[in-house]
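*Asks:* could you look at this predicted model? Sequence included:
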Amino acid sequence: MVGDLTMHDVEAFNQHVAANGKSAKHVTKQMSVVKDIIQRAGRPEHSSQTLSWNWDSRDIVRGKAAKTRSLPTLEQLKRILIASESREQAIIWLGIGLGFGQADISAIHVGQIDKQGYDLRRGKTQIERYGETPPMVWNAITKYLKETSRSEGELLFITRRGQPLVHGNRCDAIRLWWDKLRIELDETNETLSGFYVLRHLGATEFGSRPGCSLADMRRWLGHTATSTIADVYMRPVAPEHRKLIEWVRQALLTGKANLRSTVKGKKRTAKKSVSAE
């Protein structure tokens with residue numbers, strides 16, 4: 001019975017979840033499940049069970065603070081683009097400009113994105129994902145399609161064996177390409193995060209635009225953005241990232257990117273392609 005649940009029981013459970021090294025977000029979610037059960041028990045059809053103490057007066061352990069999300073430097077981003085073929089450049093700009101991850105990019109069909117806009121639905125959430133296509137994204141796709149023949153309705157990207165870029169339980173051609181490119185650029189997982197960092201970069205740029213609403217952010221991300229997400233993305237850009245975000249925004253909106261290095265002595269890296277089977 002809910003009436004037998006003591007404050008000590010709830011606090012002990014809270015401490016147990018947090019002690020396992022779980023994030024603050026995970027701990028909050030677990031505690032919200034407990035509260036939902038209590039509230040459900042309070043309905044008349046469940047005998048109107050209530051607590052004998054005030055839920056809000058309990059001691060709260062919030063869990064492990066989330067790690068600060070890193071962004072690539074402007075120089076790293078330029079080197080990545082220089083070292084990539086037209087197909088990989090299109091993939092990069094889809095990650096930055098539309099916030100697509102590996103699975104999203106793998107599922108795009110020719111015709112789902114045009115010069116005016118895009119309209120896709122994520123199978124995971126069934127939330128509408130639509131908006132205007134940034135000129136840079138469209139230019140990158142157009143350049144790729146001029147070099148690679150893909151018919152209307154076909155997958156936009158495939159491996160050399162005709163498979164989706166992400167298929168099965170382990171095959172992720174984008175991740176394999178990114179890992180190899182990172183090594184070629186003398187980067188590590190500590191100095192340059194995985195491919196998903198491009199989505200974070202794009203979300204930072206999009207969320208910091210004047211007038212960006214929570215609804216806009218939800219459509220861009222493709223899931224139900226919470227106030228936590230709003231705190232991460234919908235705010236002024238940190239001073240150390242301002243130059244990067246301004247460069248990305250100008251490139252997306254004009255369709256032109258100045259890839260000239262600002263660091264002397266940097267070697268031009270040989271181009272790599274997504275060619276995993």
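*Replies:* Alright, I've got the coordinates.

*Asks:* the helices in the stretch 151-277 of the chain, which residues?
*Replies:* Along the stretch 151-277 of the chain, counting by DSSP state H, counting those that start in this stretch, helices occupy 173-184, 197-207, 214-221, 227-233, 242-254.

*Asks:* now render these as JSON lines, adding mean neighbour count.
*Replies:* Where you see a C-beta, it was placed from the backbone N, CA and C, and this is true even at glycine. Rendered in JSON lines, the data for the helices of the stretch 151-277 of the chain read as follows (neighbours: other Cβ atoms under 10 Å):
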{"stretch": "helix 173-184", "mean neighbour count": "19"}
{"stretch": "helix 197-207", "mean neighbour count": "23"}
{"stretch": "helix 214-221", "mean neighbour count": "17"}
{"stretch": "helix 227-233", "mean neighbour count": "14"}
{"stretch": "helix 242-254", "mean neighbour count": "17"}
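
*Asks:* out of the ones you listed, which gets the lowest mean score?
*Replies:* Averaging pLDDT over each of those singles out helix 227-233 as the lowest, with a mean of 72.

*Asks:* where does pLDDT dip in the stretch 1-150 of the chain?
*Replies:* Within the stretch 1-150 of the chain, the set of residues satisfying pLDDT under 70 comprises 64-69, 121-128.

*Asks:* which stretches of it form strands?
*Replies:* 117-121, 128-132 (DSSP state E, counting those that start in this stretch).

*Asks:* among the ones you listed, which comes closest to residue 103?
*Replies:* strand 117-121 (11.7 Å; Cβ to Cβ).

*Asks:* measure how that closest one sits relative to strand 128-132, angle-wise.
*Replies:* 170 degrees (axes from the mean of the first three to the mean of the last three Cα atoms, to 10 degrees).
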